[in-house]
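Asks: Here's a sequence, model it:
(chains A and B)
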Number of protein chains: 2
Amino acid sequence: MWTTVLCTLIYLVSSVITSHDFEKVLEERNYLIQKGLDLMLGSEIVLSDNEEKANKIIMELKEKEIDYGFVNPQYYNFSNHFFEYKEQVKKSELFKIIQKMPKGAVLHAHDTGILSPDYVVSLTYLDNLFVCFEENNIQFLFSLETPTSPCNTAWQLMRDARYSSGNVEKFDANLKKHFSIVIDNPHEVYTNVNAVWSEFQQYFIATTGLFTYKPVWEKYFYDSLLAFREDNVMYVEMRSVLPDLYDLYGNEYDILDTAASYKKVSEEFVKDYPDFFGAKLIYAPLRAVDIETVKEYISIARKLKENFPDFFAGFDLVGQEDLGSPIKDFLEVLYETGDDLNYFFHAGETNWHGMTTDENLVDAIVLNTRRIGHGYAIIKHPLLIEEVKKRNIALEVNVISNAVLELVGDIRNHPLAAFLATNLPVVISSDDPGVWESEPLTHDFYVTFVGVASRRADLRLLKKLALNSLYYSEYSNKDQIVHEFEIKWTRFIESIVKTQW
Amino acid sequence: MWTTVLCTLIYLVSSVITSHDFEKVLEERNYLIQKGLDLMLGSEIVLSDNEEKANKIIMELKEKEIDYGFVNPQYYNFSNHFFEYKEQVKKSELFKIIQKMPKGAVLHAHDTGILSPDYVVSLTYLDNLFVCFEENNIQFLFSLETPTSPCNTAWQLMRDARYSSGNVEKFDANLKKHFSIVIDNPHEVYTNVNAVWSEFQQYFIATTGLFTYKPVWEKYFYDSLLAFREDNVMYVEMRSVLPDLYDLYGNEYDILDTAASYKKVSEEFVKDYPDFFGAKLIYAPLRAVDIETVKEYISIARKLKENFPDFFAGFDLVGQEDLGSPIKDFLEVLYETGDDLNYFFHAGETNWHGMTTDENLVDAIVLNTRRIGHGYAIIKHPLLIEEVKKRNIALEVNVISNAVLELVGDIRNHPLAAFLATNLPVVISSDDPGVWESEPLTHDFYVTFVGVASRRADLRLLKKLALNSLYYSEYSNKDQIVHEFEIKWTRFIESIVKTQW
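Replies: Reported below is the predicted structural model:
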């Protein structure tokens, strides 16, 4: 009898303890999940009532998309190649919202890779354009007379070539292929990073004669700013190799003239669209050079800074990082110049580990780079992750670029997921959106938000990414640009809340 | 005159300062690189003179392979699908060295996925085997008479089917396809995680009747231990669903009998090969079940522990994690059992982020799991990374499995690179090497060392990974097994140093 009572008592007490303990386990579980989320980029943002309402709408749309993919991985877009889903996602309601969203600034973009191939085709309708079709290659030149520069076949007036082709539509479709790396079978053709980079670089080579014609150069830049503005970007820092320009009359324009063109266009644009905050310039010539060339680059950069103190933002080196010279080769000369120039180095745009390419991250950091272009490989360098946090160096992440240029297949494996979760100073940018036919910035934001970030990441992440792009910019009056952003943001939030969903 | 002298002086002083400062930058650069390397798994290991010599040989081979790939990415193996390079890499000198290397223990492997399809074909030559060929399916049963269990076509004696086929070689080649998921065009067929998992699971379904025949069950396990030993593994912890077994005489064997078979075979094996340290069992039934079934599982697990206290290591749940029930669904019952059973949960074997699958990581941790199976998604959870470090929970990483089962394409994007760089408690294992025709463990070590880890990661990493597999095992006498490992290791190092390279 006593035994039974005692046993019952022990059982009761132990089950009380157990369920009490289990409560503690549940608490611990929720704590780990919540504290994990609290570490995420943007988690410190407190949403207003209206923002909370908009957030609810946005998160319902986001969760619906993700949950459908979770149950139907065969239809999940983001594990496929970007070319396979880039058009389809434009139909998403969430995509449309993100398109309308003020996204702040674009801090990592290359000046001649912004606009769509259709736009580039439209440029070939301009007068006085000559074309030279070569095997797997094309050249352009604006000229009053048939050009005499080398052509393996023959220079023709573009107009003649087009209309003598018999089928203008087909002609333009073929032409367009030179202005895009989008193809139907990327898995078969772009089988390694060199293969896709070769096509990518061919675009820049093919368009040189077209774009460096001074009127086109200025028009392309104006229209790029327009495209960014239409995609709800308010300010741009543009990387450029700053080629010499030409015109129909044999005048040649040097780098300073090219930069002056940009400055002029930017000012004109701001006059036409006073809600836009203009552009600044990062001089970013090719990295696959010797040290003497880098010394020349730096001397040019100094002149640019002297001539355009407010327009010139700083210096970088561009080109396929694995194949180009590592920063290390120029360390001393770049160091000596360091106090005079701001650096915005590309670094760690690679899959390699323990090579010169990912060690560019170290050199960028010791050279006090203001931001790092890509930084893809930093995930494998925990010490450098701490350094960029400590030194507040932003990572300019271009998630679609990294997918298209064959760093990563399934976008969910992009290290950006960890960067966001770890609250690294990240800005989202688009690199060369025209070359892979994506929207100027929306695709990158959308893929980041729906494909890369946690399903639980919400409007606070989106807002923080936009704010980061202003905070880490070189725009001088931060208060002013953030103030204008807040006005646009409030309007955007209202438009979501007012819409019938 | 004085101006010139003054200027020269200023120049001299400033150039002294500059070059002095630059020395500091170089120091900082080297510090960041070296300190980064010092954080890596295994960096605390001090190599003996002989190990240093072996390391030099190994690193020369490794660097040669990587540097060739860096310059020729079109021929670089590890960015391709595993099926494309798995045979080719066997020719690598470094692969052969890693094969000979004592690799410690295999802590994450599934009992019926260890041996090659050729081995499984050889089992079909055993007497009394019947086969039922169905569309896209195959069944096996050992029986003295024609089986009466359902077959959409007809049961045939395997011998009759084979020799009446007219072409035994072709017959066996076709048969082999059921025992492997290796195909020529994985990119076209295994387009998403469900597609490859479906094939993968089909292997286990198809082989059930073959493997659960008690004599085959015991033979397969014995031969698995043999294969591991030949691949220089010295101890195994095997996950098993522990199916009921059968024999020719209508006897049925329940889970306890199945476990007893394993224990018996393990003991026999150790008797035959006294340098092998045997096996322990992790009972790991299917996760796609309801809570009542989990309660039954636990009751079975308790019985296993009671009956085989030294052989039974603990409990896990298996099956495609995204599709199965999350641990959360069983949290309370698993928690209540927690003090009685050691857990070795699969968790975070997924590309998803912020879903139940990666939140399994949280549940595994709060349930005091001893180790985590895979943990692939933990890279997106910095707080959980800290927790596994703090609680010393090992991650059982199966890098080839993750590639083959479509979590990651280019192996250089595997989060293992970051795990190693961050000194997480990692053990390397092979999951189901037979199903994708890899060596029992060598391929996983080789790919980890050459494809995933830093180019600068050396013999210390390899040794640490082997030691970790012993340290994080459930083997009771750690001193003894580590001592034996050290003897084997010393012999291995000597064999490298003595070889003419």
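Asks: can you map out the helices along the stretch 351-500 of chain A?
Replies: Along the stretch 351-500 of chain A, the stretches classed as helices by DSSP state H, counting those that start in this stretch are A:356-366, A:382-391, A:399-404, A:416-421, A:442-446, A:459-471, A:478-498.
Asks: quick one: is the third one near chain B?
Replies: This points to helix A:399-404. No: interface with chain B: helix A:399-404 contributes nothing (C-beta under 8 Å from any C-beta of the partner chain), its closest point being 10.2 Å away. In this view, the C-beta of every residue, glycine as well, is placed from N, C-alpha and C.
Asks: what's in contact with that helix?
Replies: Identification of contacts with helix A:399-404 by C-beta atoms under 8 Å, 6 or more residues apart in numbering or on different chains yields A:81-83, A:181, A:196, A:349, A:374, A:376, A:408-409, A:411, A:414, A:416, A:428, A:430-433, A:436, A:438, A:443-444, A:447-448, A:452.
Asks: Send me it as CSV with only the CA atoms.
Replies: Written as CSV, here are the backbone C-alpha positions of helix A:399-404 (Å, rounded to 0.1, in the frame of the first residue of the first chain):
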residue,chain,number,x,y,z
VAL,A,399,24.4,37.4,-56.5
ILE,A,400,23.1,36.9,-60.0
SER,A,401,26.5,37.8,-61.5
ASN,A,402,28.1,35.1,-59.3
ALA,A,403,25.5,32.6,-60.5
VAL,A,404,25.7,33.5,-64.2
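Asks: Identify the residues contacting the residue of the stretch 301-450 of chain A found nearest chain B.
Replies: The minimum distance from the stretch 301-450 of chain A to chain B, using C-beta to the nearest C-beta, falls at residue A:354 (3.3 Å). Residues counted as contacts of residue A:354 (C-beta under 8 Å, 6+ apart) are B:453-457.
Asks: For it, give its distance to residue A:319.
Replies: 21 Å (C-beta to C-beta, to the nearest Å).
Asks: swap in residue A:78?
Replies: Per C-beta to C-beta, residue A:78 is found 28 Å from residue A:319.
Asks: now do residue A:290
Replies: As for residue A:290, its distance to residue A:319 is 14 Å (criterion: C-beta to C-beta).
Asks: who has more neighbours, those two?
Replies: Each of residue A:290 and residue A:319 has its neighbours counted (other C-beta atoms under 10 Å in any protein chain shown); residue A:319 has more, 19 against 10.
Asks: next one: phi and psi at that one?
Replies: phi 120, psi 170 (degrees, to the nearest 10).
Asks: Residue A:139 now?
Replies: Note on residue A:139: its backbone torsions stand at phi -130, psi 150 [degrees, to the nearest 10].
Asks: For it, name its beta-bridge partners.
Replies: Residue A:139 forms beta bridges with residue A:132, as assigned by DSSP bridges.
Asks: Give me the neighbour count for it.
Replies: By the criterion of other C-beta under 10 Å, residue A:139 has 22 neighbours.
Asks: Skip the chain neighbours and tell me the closest residue to residue A:161.
Replies: Leaving aside its sequence neighbours, residue A:161 sits nearest to residue A:131 (C-beta to C-beta, 6 or more residues apart in numbering or on different chains; 5.5 Å).
Asks: List the contacts of that neighbour.
Replies: Going by C-beta under 8 Å, 6+ apart, the list of residues near residue A:131 reads A:124, A:138-140, A:155-158, A:161.
Asks: again, but for residue A:275
Replies: A:229, A:234, A:484, A:488.
Asks: Check the residues you listed against chain B and report the nearest one.
Replies: Closest approach between those and chain B, by C-beta to the nearest C-beta: residue A:488, at 28.4 Å.
Asks: Got the confidence number for the closest residue to residue A:397 other than its chain neighbours?
Replies: Residue nearest to residue A:397 in three dimensions, not counting chain neighbours: residue A:416, with 5.1 Å by C-beta to C-beta, 6+ apart. Note on residue A:416: pLDDT of 98.
Asks: List, one by one, the residues from the stretch 351-500 of chain A near chain B.
Replies: So the stretch 351-500 of chain A meets chain B at A:351-355, A:359, A:362-363, A:365-367, A:379-384, A:387, A:407-410, A:412-413, A:415, A:417-418, A:421-422, A:452-457 (C-beta under 8 Å from any C-beta).
Asks: Please repeat the previous calculation with a cut-off of 6 Å.
Replies: A:351, A:353-355, A:362, A:366, A:379-383, A:408-410, A:412-413, A:417-418, A:421-422, A:454-456 (C-beta under 6 Å from any C-beta of the partner chain).
Asks: where in chain A is pLDDT low?
Replies: A:1-19 (pLDDT under 70).
Asks: so which residue of the stretch 101-250 of chain A comes closest to chain B?
Replies: For the stretch 101-250 of chain A, C-beta to the nearest C-beta, closest residue to chain B: residue A:192, 4.3 Å.
Asks: Pretty sure that residue sits against residue B:75.
Replies: No: counting by C-beta atoms under 6 Å, residue A:192 stays clear of residue B:75, with 8.7 Å between them.
Asks: Looking at the two, which one has more neighbours?
Replies: A count of neighbours by other C-beta under 10 Å puts residue A:192 above the other of residue A:192 and residue B:75, at 18 against 10.
Asks: which residues touch the more buried one?
Replies: For residue A:192, the contacting residues are B:73-74, by C-beta atoms under 6 Å, 6 or more residues apart in numbering or on different chains.
Asks: Would you mind giving the dihedral angles phi and psi of it?
Replies: Torsion angles, degrees, to the nearest 10, at residue A:192: phi -160, psi 170.
Asks: Break chain A into its domains for me.
Replies: Domain assignment of chain A by automatic domain parsing yields the ranges A:1-38, A:82-115+A:220-495, A:119-179.
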